[in-house]
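# I'd like to go over a predicted model; first the sequence, then the structure.
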Amino acid sequence: MRNFLPFRSALLVILLASVAMAREREPISRTVYLSDERKAEVPSVYVAGEMVTVLRFEKPCDRERTKMLGWEGRFEPVECVGKKVLVEPLKDLNPEDGFLLVVTLSDGKELPFTVTARNEQFDHQVNVFPDNETKGALKSRLTYAESRERVLEEENERFRKEASSIDHALAALLARDALKMTPFVKQYVSLAKNPRGAEILVTALTSKKPNKVAVVINLKNNSPSETWSLMEARLVAEGSGEQRPFALRATQESWGPGGESGKIAVVFDASAFDLKDGPDRLVLELFRRGSGVREAWVFLDRHMLGL
């Protein structure tokens, strides 16, 4: 067994997306229910450069009395279109930036918002309900509750299946540094650094009985300000892009800035190389939340793994 290989000759070729330097954010839609209490906190609206954020209300807005303070040179003019208000910054804001937006509805009610930014997401659409008891607000709450119930049912079903999965059990042990409690043997290790500050150490492992492959990713977030979160992982055949099943376990959901580290472990059956055209290489892809692109990907060669 070789413990470490130079980056260019390693079995695990770790590629880090060059576009990772771009401060891309994930668009989201959410609902805001306002309070009539005088001390209620002014809600924030999170925007991204050259992207339109839509605030949607139950009543039309008053174009003449809807305005944002200090927007000149930083935003396109705020637009009222029926029941919608459109906000578009000319470039990204910093999280410490804040602009006061006052939306006046057709009934004269004034609604203040703080327009700002956050690192990983921005508001594509914000549904605003000034009155929590209107028919629209109650319907929105009911729809959310039903959607949340479906999500929880799906998650519970997935957890039940994973609880009886050998691959998930093995991945959990590897993520917790319990290699000796598994049948896996280390094959190769490779190290790469991301321009945004992520340091990724990848270890490939195999076992004969059962005939499986594992990848353990030790990730350290060296960014001084940004959190690293895994949005999705995929195992695909090189060339065709056909996806393969695998089990994944991680020590945490996100990695805080300033050097926080943790592990992601992936386990799959070696027969993943045998489907259809029998690809010689599989690709493990990692998608970081907020970027929308592959943050890193790892090539796994069946022959160099000894399969």
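Looks like it came in fine.
# CA only for contacts and neighbour counts going forward, please
Will do.
# for this structure, which segments count as helices?
For the chain, helices defined by DSSP state H occupy the ranges 135-163, 166-175.
# in terms of mean pLDDT, which of the ones you listed ranks lowest?
Here the helices of the chain differ in mean pLDDT, and the lowest is helix 135-163 at a mean of 65.
# so where is this protein shaky, pLDDT-wise?
Residues of the chain meeting the criterion pLDDT under 70: 1-25, 35-40, 132-133, 135-147, 149, 151-164, 193-197, 275-279, 290-293, 307.
# how does it divide into domains?
Here the domain assignment for the chain is 7-23+165-301, 35-130, based on automatic domain parsing.
# now those domains in JSON lines, with mean neighbour count?
As requested, the domains of the chain are exported to JSON lines (neighbours: other C-alpha atoms under 10 Å):
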{"stretch": "domain 7-23+165-301", "mean neighbour count": "18"}
{"stretch": "domain 35-130", "mean neighbour count": "17"}
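# for the ones you listed, which one sits closest to residue 148?
Between residue 148 and those, the tightest spacing by C-alpha to C-alpha is seen for domain 35-130, at 17.4 Å.
# so what's residue 74 up against?
89, 90, 91 (C-alpha atoms under 8 Å, 6 or more residues apart in numbering).
# picking that back up, of the domains of the chain, which is nearest residue 29?
Closest to residue 29 of those is domain 35-130 (C-alpha to C-alpha; 4.8 Å).
# mind checking how far the closest one is from the chain centre?
What separates the centre of domain 35-130 from the centre of its chain is 24 Å, taken as C-alpha atoms, centre = their mean, to the nearest Å.
# can you give me the strands in the stretch 101-250 of the chain?
110-116, 121-129, 185-193, 198-207, 212-221, 228-237, 247-250 (DSSP state E, counting those that start in this stretch).
# one step back: closest to residue 150 out of the domains of the chain?
Distance to residue 150, taken as C-alpha to C-alpha, is lowest for domain 7-23+165-301 among the domains of the chain, at 20.3 Å.
# centre-most residue in this structure?
The centroid of the chain falls nearest to residue 289 when counting by C-alpha atoms, centre = their mean (2.0 Å).
# so which of the contacts of residue 74 comes closest to residue 30?
Proximity of the contacts of residue 74 to residue 30 (C-alpha to C-alpha) peaks at residue 89, which lies at 19.3 Å.
# from residue 305, how far off is the closest residue to that closest one other than its chain neighbours?
Leaving aside its chain neighbours, residue 89 sits nearest to residue 75 (4.1 Å; criterion: C-alpha to C-alpha, 6 or more residues apart in numbering). With distances taken as C-alpha to C-alpha, to the nearest Å, residue 75 is found 54 Å from residue 305.
# show me what contacts residue 31?
126, 127, 128, 129.
# verify the stated contact: the last one with residue 33.
Yes: under the criterion of C-alpha atoms under 8 Å, residue 129 is in contact with residue 33, at a separation of 5.0 Å.
# what's the closest of the contacts of residue 31 to residue 297?
residue 126 (34.0 Å).
# bridged to that closest one, which residues?
residue 30, residue 55 (DSSP bridges).
# need the contact list for it.
Residues near residue 126 by C-alpha under 8 Å, 6+ apart: 29, 30, 31, 32, 45, 53, 54, 55, 56.
# sorry, back to before: okay if I get the domains of the chain as CSV plus distance to residue 150?
Shown next, in CSV, are the domains of the chain (distance: least, C-alpha to C-alpha, whole Å):
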stretch, distance to residue 150
domain 7-23+165-301, 20
domain 35-130, 21
